[in-house]
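**Q** everything below, folded, please.
(one chain, ligands or ions: 1)
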Amino acid sequence: MSRKKTSRSKGARAHAASAASALPSANGPRLHARRPSAPAPRRRPAGPSSPVGPYSTVAVISTDIAFKVMLVGDSGVGKTCLLVHFKDRVFLAGIFIATVGINFRNKVLDVDGMKVKLQRWDTAGQEQFRSLLWRCLWCQVPICPHHSKASFDNIPAWLSEIQEHAQHDTVLMLLGNKVDSTQEHEVKGEDGEKLAKEYRLPFMETSVKTGLNVDLAFTAIAKELKQHSMMAPSEAHFWLHDYVKREGRGGSCCRP
Ligand SMILES: Nc1nc2c(ncn2[C@@H]2O[C@H](COP(=O)(O)OP(=O)(O)OP(=O)(O)O)[C@@H](O)[C@H]2O)c(=O)[nH]1
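**A** Numbers count the residues shown, from 1 in each chain. Model prediction:
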């Protein structure tokens, strides 16, 4: 639990500040203007072996487009739980088995009539695993829980790392997880919102325990990614920030 990144150097934080200033303005170009001419290739991921064993049944689901998404943040912030809840609608209450290596889970969403596959990667906090993935990701979601100031304080360093290694047009969204927690909230929703504004990121409070905004977070990501790769000139523009504000429930990020 204590494999936190609290020891990040002042240099990293300074870099984070400069990374923030490097982000485009809210009214300027969007964070992620990638618009490939062809849909993302549906290749089997390179590197780590598939979790599908030799005796597993493989269901082949035809999808129109596929994207790699990764949740990032300190150990214990709820990355695995978010992924598991989104896929299987269960909350791993009180179960904390630190992720070792890399896992991934697929989920196909129907986004405006198109099948969008989100391939969600779950990594342990170790650098060597993340560095395998940085460059092929389409979306990164830094997370901090409401009751952990240390995790919150590390978000700029995570953002800095993303800025440094990931593709420049990676979709980003900030999540404040465990909003249900009865522990004293060292971090208020307003703090998360303020930080998100500073980095010009959409922000949402989530709770895997109650399910608050979990599906919405992934649906918003899927919509945004779909737009990046497929938007036809006649199609209405999808605004991630607006969608999150409009559809989110509870918390300071969203309407009541
Ligand atoms: N109350 C509450 N607890 C949560 C929530 N999300 C996760 N947890 C708990 O937080 C602990 C850690 O969750 P994980 O999903 O394993 O954390 P992680 O970020 O994947 O951790 P690593 O695998 O070490 O990187 C578990 O005991 C979960 O039950 C939430 O929304 N609310």
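**Q** hey, let's count contacts and neighbours off CA atoms from now on
**A** Fine.
**Q** all helices for the stretch 151-256 of the chain, in order.
**A** Ranges of helices within the stretch 151-256 of the chain are 189-199, 214-230, 240-247, based on DSSP state H, counting those that start in this stretch.
**Q** could you say which of these is packed most deeply?
**A** Sort the helices of the stretch 151-256 of the chain by mean neighbour count, taking mean count of other C-alpha atoms under 10 Å, and helix 214-230 sits at the top with a mean of 21.
**Q** packing partners for that helix?
**A** helix 79-88, strand 102-111, strand 114-123, strand 171-172, helix 240-247 (3 or more C-alpha pairs under 8 Å, 6 or more residues apart in numbering; DSSP states H and E).
**Q** so for the fourth one, what's the average pLDDT?
**A** In this case it means strand 171-172. Averaged across strand 171-172, pLDDT comes to 86.
**Q** against which helices or strands is that strand packed?
**A** Contact here means 3+ C-alpha pairs under 8 Å, 6+ apart; on that basis strand 171-172 packs against strand 139-145, helix 214-230.
**Q** least reliable of the ones you listed going by mean pLDDT?
**A** Averaging pLDDT over each of those puts strand 139-145 lowest, since it has a mean of 73.
**Q** let's see it as PDB, backbone CA atoms only.
**A** C-alpha atoms of strand 139-145 as PDB (Å, rounded to 0.1, in the frame of the first residue of the first chain):
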ATOM      1  CA  CYS A 139      -6.200   7.400 -23.200                       C
ATOM      2  CA  GLN A 140      -4.900   7.900 -19.700                       C
ATOM      3  CA  VAL A 141      -6.900   8.500 -16.700                       C
ATOM      4  CA  PRO A 142      -5.100   9.700 -13.600                       C
ATOM      5  CA  ILE A 143      -6.900   8.800 -10.400                       C
ATOM      6  CA  CYS A 144      -6.700   9.900  -6.800                       C
ATOM      7  CA  PRO A 145      -8.900   9.000  -3.900                       C
END
